[in-house]
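J.: just the structure for this:
(2 chains, ligands or ions: 2)
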Amino acid sequence: MRITANQDRCVGAGQCVLVDPEAFDQNDADGTVIVLRPNPGTEPEIARAREAVNVCPGRTLALVEES
Amino acid sequence: MATPTISLDRTDPYRPPTEHVRLQEDAPISWVQLADGRQMWVLTQHEDVRAMLADRRFSSDRRDPRHPSHQPYMGPDHRPGLIEMDAPDHTRVRRSVVGEFTVQKLAAWRPRIQEIVDASIDDMLAGPAETDLVQALSLPVPSAVIAELLGVPYADHDFFQDNSAEFVRAGATAEERGAAVGRLKAYIAELVQEKTKSPGEDLLSRQILAGTDPEEVVSLGFLLLIAGHETTANMISLSVATLLDRREHLAELRDNPERTVGAVEELLRYFTIAEIGAARLAIEDVEIGGVQIRAGEAVLGLTNTANRDPLVFPEPDELDFTRMARNHLAFGFGPHQCLGQNLARLELEIVLATLLRRIPTLRLAVPFTEIPFKEKGPNYGVYELKVAW
Ligand code: HEM
Ligand code: SF4
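T.: Ligands and ions are numbered 1, 2, ... in the order given. Predicted coordinates for the structure are as follows:
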């Protein structure tokens, strides 16, 4: 599993950081997302990644199966 | 800002307007004719409202007379503020300022917000043991916080706060309100001029240093004030009124202060105070929830019923501080989702925790049903909240 972020769509609301501050941070200059931990490993990490994808207002984030 | 819409009357202060609930039950997506003759699509379900707000084919530019939030003064010369822009202008302006509101940067404001809240509560405790919480706490805290964020010097705080209070005062006439807006805009313009000469460590100075057009800096400063003052105040008042009315929730927070963050999120969902904020104009044909919306048609997303959608929030009328449902739409969704949301969350959390801790005997001084609720839009709230301790 890998978290992808389409920076162009990011609106800098920081919802992802609220869901999981260990997996996401924001760029100081323009508020856009920085994925700190692109590969969630444990079940709770995956669950939080799914939630971040769900709440993201920019539809910026996705969780993809790694081939 | 005020858009006339379907009736905002309600029979229960804890539920959305009756007509909104009826639409959600009977006609989740419908073509509605308003009292003034205008027609628009009304969306009531969570999935549809989110899909619409995330889709850039729905415009926020109100200069088009067909836009549901169009106002007569928005002629061809009108300069749209951030909240009225579409991409790519919107993206550019939002990115130039949203870095000020990251979760990390706001965390640094916590101690200062705590001091501001403590000072208001000190004043309350120094006076008579009965007061209007709206005037004593709900309004002054957000305006003091925004004043500091913008870099208003201490000497001018009273001027800034008095005029912000006048702008949102319940009984103020359009003229009084207009005069307060005039004074605030003139003041912010003057402040921008001074900061151009000697920049400080604040949001406005950083905008100037980054080369933003001074007129845009003034417009942004004013938008931050009006978007964040009364909204946050209404949420503070409604949250406190609810806790004092439903004492089991008060006890729950007192015994489990760590639930305050969840309580704030749930109260935001429950009240969804920006009742008619999600108005857009379709600029292309788009299908939403199986319905064809045509270019040129107006759309209103009811975030308050969307936030009571049972498919997304089981037992939606229950207030549950452990729900941790962050997918509510109280701050909107999509590119315009509230810029100040994490500041509002922080203020609400600190106010609720501090008030319960410092005034444990706080109670309503009038029965809950006699509280004067703001039912006329654009934001739900209370005009006055008499409390005693
Ligand atoms: C509980 C308090 C608040 C609520 C319920 C609220 C609600 C909202 C909503 C629903 C929107 C979206 C409007 C749309 O889609 O057209 C919005 C946008 C906005 N809010 Fe808030 N807000 C709150 C507090 C604040 C604060 C404290 C600030 C600033 C310090 C602020 C600044 C803004 C700005 C600048 C926008 C426009 C963003 C854009 O268009 O990109 N708000 N707010
Ligand atoms: S929640 Fe989405 S839009 Fe907001 S900062 Fe994170 S990635 Fe960007």
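J.: remind me, longest helix of chain A?
T.: As assigned by DSSP state H, the longest helix anywhere in chain A is helix A:43-55.
J.: ok, and what's touching it?
T.: Residues outside helix A:43-55 that contact it (C-beta atoms under 8 Å, 6 or more residues apart in numbering or on different chains): A:1, A:3, A:15-16, A:19-20, A:23-24, A:37, A:40, A:61-63, B:326-327. Quick note: C-beta positions are derived from backbone N, CA and C, even for glycine.
J.: among the residues you listed, which ones are in strands?
T.: A:Ile3, A:Phe24, A:Leu61, A:Ala62, A:Leu63 (DSSP state E).
J.: follow-up on the earlier one: what are the C-alpha coordinates of the longest helix of chain A, in PDB please?
T.: Output of helix A:43-55 as PDB, limited to C-alpha atoms (Å, rounded to 0.1, in the frame of the first residue of the first chain):
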ATOM      1  CA  GLU A  43      -3.500  -2.100  10.400                       C
ATOM      2  CA  PRO A  44      -4.100   1.100  12.400                       C
ATOM      3  CA  GLU A  45      -1.700   3.000  10.000                       C
ATOM      4  CA  ILE A  46      -3.700   1.700   7.000                       C
ATOM      5  CA  ALA A  47      -7.000   2.600   8.700                       C
ATOM      6  CA  ARG A  48      -5.700   6.200   9.400                       C
ATOM      7  CA  ALA A  49      -4.500   6.500   5.800                       C
ATOM      8  CA  ARG A  50      -7.900   5.500   4.500                       C
ATOM      9  CA  GLU A  51      -9.500   8.100   6.800                       C
ATOM     10  CA  ALA A  52      -7.200  10.800   5.600                       C
ATOM     11  CA  VAL A  53      -8.100   9.900   2.000                       C
ATOM     12  CA  ASN A  54     -11.800  10.100   2.900                       C
ATOM     13  CA  VAL A  55     -11.700  13.500   4.700                       C
END
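J.: can that helix be found next to ligand 2?
T.: No. Helix A:43-55 is not in contact with ligand 2 by C-beta under 6 Å from any ligand atom; minimum separation 6.5 Å.
J.: pull out the buried residues from that helix.
T.: A:Glu45, A:Arg48, A:Ala49, A:Arg50, A:Glu51, A:Ala52, A:Val53, A:Val55 (16 or more other C-beta atoms under 10 Å in any protein chain shown).
J.: and if you look at stretch B:47-55?
T.: For stretch B:47-55, a neighbour-count test (16+ other C-beta under 10 Å) marks B:Asp48, B:Val49, B:Arg50, B:Ala51, B:Met52, B:Leu53, B:Ala54, B:Asp55 as buried.
J.: only alpha carbons, please: show it as CSV.
T.: What follows is stretch B:47-55, C-alpha atoms only, in CSV (Å, rounded to 0.1, in the frame of the first residue of the first chain):
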residue,chain,number,x,y,z
GLU,B,47,-22.2,12.3,-0.9
ASP,B,48,-23.9,14.7,-3.3
VAL,B,49,-23.0,17.8,-1.4
ARG,B,50,-19.3,16.7,-1.2
ALA,B,51,-19.2,15.7,-4.9
MET,B,52,-20.6,19.1,-5.8
LEU,B,53,-18.2,21.1,-3.5
ALA,B,54,-15.2,19.2,-4.7
ASP,B,55,-16.0,19.7,-8.4
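J.: tell me where chain B has strands.
T.: Per DSSP E, chain B carries strands over the ranges B:29-33, B:39-43, B:58-59, B:130-132, B:278-282, B:286-288, B:291-293, B:298-301, B:363-364, B:373-374, B:381-382, B:386-388.
J.: would you point out which residue of the stretch 101-250 of chain B is nearest ligand 1?
T.: B:Gly228 (2.7 Å; C-beta to the nearest ligand atom).
J.: list the contacts for that residue?
T.: Taking C-beta under 8 Å, 6+ apart as the criterion, B:Gly228 is in contact with B:Pro142, B:Ile146, B:Gly340, B:Leu343, B:Ala344.
J.: and for B:Ala144?
T.: The neighbours of B:Ala144, taking C-beta under 8 Å, 6+ apart as the test, are B:Ile116, B:His157, B:Gln161.
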